[in-house]
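S.K.: kindly return the folded structure for what I paste below:
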Amino acid sequence: CEEGFKLKLPGEGNLDPSHSYQRGEDLLMFMDIQLVEALCGFQKPITTLDNRTIIVTSHPGQTVKHGDIKCVLNEGMPIYRRPYEKGRLIIEFKVNFPSSGFLSSDKLYLLEKLLPARQEVEETEEIEQVDLMDFDPAQDRRHCYNGEAYEDDEHHLGGGVQCQTS
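M.R.: A predicted model of the protein is given here:
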């Protein structure tokens with residue numbers, strides 16, 4: 001549509017603006033899919049602005065990654081003064097992963113055998129192994145280290161700049 005031009009579509013006011021937005025002739029939306037759908041394919045119904053239902057299909061073997069952007073031709077906004085042409089429906093995918101512990105260790109082993117091999121890391125004496133923890137931005141940094149990184153700070157003499165009083 002031209003800058004400042006408003007296109008009125010019946011029922012458009014009922015759409016949730018957090019799910020789609022317009023960029024020129026293209027209509028952008030976000031779609032949540034499960035990990036199994038990302039790896040094995042899916043079919044998802046979408047209600048278009050003109051109240052039709054279309055089925056978006058990702059075929060088995062077509063892997064969709066988190067953040068991937070795909071499109072459906074001719075399902076975007078109508079093109080001004082070209083009534084039979086539409087822009088693209090652009091879809092950005094959010095892949096939802098299962099919760100921690102969703103598989104037993106024996107089933108996790110079977111899943112690992114089905115997936116591509118992970119990259120092996122050569123361990124040497126110079127390399128230290130550390131574990132990941134959940135990040136909480138509200139948590140004080142010193143709790144992450146149990147105070148170890150800062151416990152010697154109290155024993156050092158302050159060499160900082162002193163404020164002068166007159």
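
S.K.: name the helix or strand for the residue nearest the centre of the chain, please.
M.R.: Central residue of the chain (C-alpha atoms, centre = their mean): K94, 4.3 Å from the mean position. In the assignment (DSSP states H and E), K94 maps to strand 89-96.

S.K.: which parts of that strand are buried?
M.R.: L89, I90, I91, F93, V95 (16 or more other C-beta atoms under 10 Å). All C-beta atoms are positioned from the backbone trio N, CA, C, and that covers glycine.

S.K.: returning to that earlier point: distance of the residue nearest to the centre of the chain from Q22?
M.R.: Counting by C-beta to C-beta, to the nearest Å, the separation of K94 from Q22 is 20 Å.

S.K.: repeat for T57
M.R.: Applying C-beta to C-beta to T57 and Q22 gives a distance of 24 Å.

S.K.: between those two, which has more neighbouring residues?
M.R.: Of the pair T57 and Q22, Q22 is the one with more neighbours under other C-beta atoms under 10 Å, namely 15 against 11.

S.K.: what's across from the more buried one in the sheet?
M.R.: L27 (DSSP bridges).

S.K.: list the contacts of the spatially closest residue to T57 that is not a sequence neighbour.
M.R.: Leaving aside its sequence neighbours, T57 sits nearest to Q43 (C-beta to C-beta, 6 or more residues apart in numbering; 5.1 Å). Q43 is in contact with I55, V56, T57, S58, counting by C-beta atoms under 8 Å, 6 or more residues apart in numbering.

S.K.: hang on, isn't the last one packed against F42?
M.R.: Okay, so that is S58. Yes. Counting by C-beta atoms under 8 Å, S58 touches F42, with 5.2 Å between them.
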